[in-house]
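Peer 1: Show me the folded form of this:
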Amino acid sequence: MDYIILDIEFNGRKFASEHPMEVIEIGAVRLDASLQFKDEFSALIKPIYFSTLNSFIKKKTGIPQEDIDVADRFPKVITAFRAWLDQSPDGVLLLTWGGEDMKRIIQDIRMHKMDDAYWMEATYFDLLKGVLRARGLSNDISVEGAMALFGLEPSGSAHRALDDAKMTAEIFRAVFPELDFERSQHYVDTFSNARERKTVKIAIKAMTSQKIVPTWELVAEHYFPGEDALADPRKAAELQAYFAAQLGKK
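Peer 2: Numbering: from 1, shown residues only. As a prediction, this is how the structure comes out:
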């Protein structure tokens, strides 16, 4: 089995919009079972929405607008990426830094009305969580922070997909003996975001400190005001389950 260290970049926006953010770059490194480099994949993608990169994304990634203008669309790139993944005859384990990369890829596959079966069935390992568990850390760290943690020298350009994948591969090699691959997983649709889940944790902490017994009804009423905050019943159910899980830890 080969290890595929995957990273993406996506276009952002400075204002609220009904249009989704899209993947604009995919970078990946293939390591063999001995963690030796085999090959790499890199491609830019021209998005449907927000195809003109805003100043923040251009500064963050360094991706030239003219390169985006001539890039292929997502369906062609993801098809080429799948073909590249299939060059591993004994299968692959995808490694990501956090869960956002898988979410964005699947979102774009669905937006383009492509079959998402491969990606829903793909096994991946969240290396960020693996590092946090291995080192007993409670707060997320960046790839650059993890490089410093393991005494590794950063290389390339941060926030370019292939360079980030290469640095993540170095972290993977460094922490490999400490990783629990039993925690490999498959993508599961989520309807809440990290900010909303953090709000639940803040609510429990605040009510506990005020000697108020935390209940989901109080959290929903006081920390998610407004008619639309929990309008999606899937989001409401997910956050309520998250509340119960966090309360159980207390």
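Peer 1: Show the residue spans covered by the helices in the chain.
Peer 2: In the chain, the segments counted as helices under DSSP state H are 55-61, 65-69, 74-85, 100-111, 117-121, 127-135, 143-149, 161-175, 194-209, 216-223, 233-249.
Peer 1: Dead centre of the chain: give me the residue that sits there.
Peer 2: Glu100 (1.8 Å; CA atoms, centre = their mean).
Peer 1: Could you list the low-pLDDT ranges of this structure?
Peer 2: Along the chain, the parts satisfying pLDDT under 70 run over 14-16, 250.
Peer 1: Indicate which one of the helices of the chain is closest to Gly27.
Peer 2: Comparison of the helices of the chain against Gly27 by CB to CB identifies helix 161-175 as nearest, at 3.0 Å. C-beta: built from backbone N, CA, C; applies to glycine.
Peer 1: now for that closest one, which elements pack on it?
Peer 2: strand 2-10, strand 23-31, strand 37-44, helix 127-135, helix 143-149 (3 or more CB pairs under 8 Å, 6 or more residues apart in numbering; DSSP states H and E).
Peer 1: again, only this time at 10 Å
Peer 2: Packing partners of helix 161-175 (3 or more CB pairs under 10 Å, 6 or more residues apart in numbering; DSSP states H and E): strand 2-10, strand 23-31, strand 37-44, strand 92-96, helix 127-135, helix 143-149.
Peer 1: who wins for proximity to Lys249 among those?
Peer 2: helix 127-135 (15.5 Å).
Peer 1: How many residues are close by the nearest residue to Asp164 once chain neighbours are set aside?
Peer 2: Spatial nearest neighbour of Asp164, excluding adjacent residues (CB to CB, 6 or more residues apart in numbering): Asp7 at 4.2 Å. Counted by other CB atoms under 10 Å, the residues lying close to Asp7 total 26.
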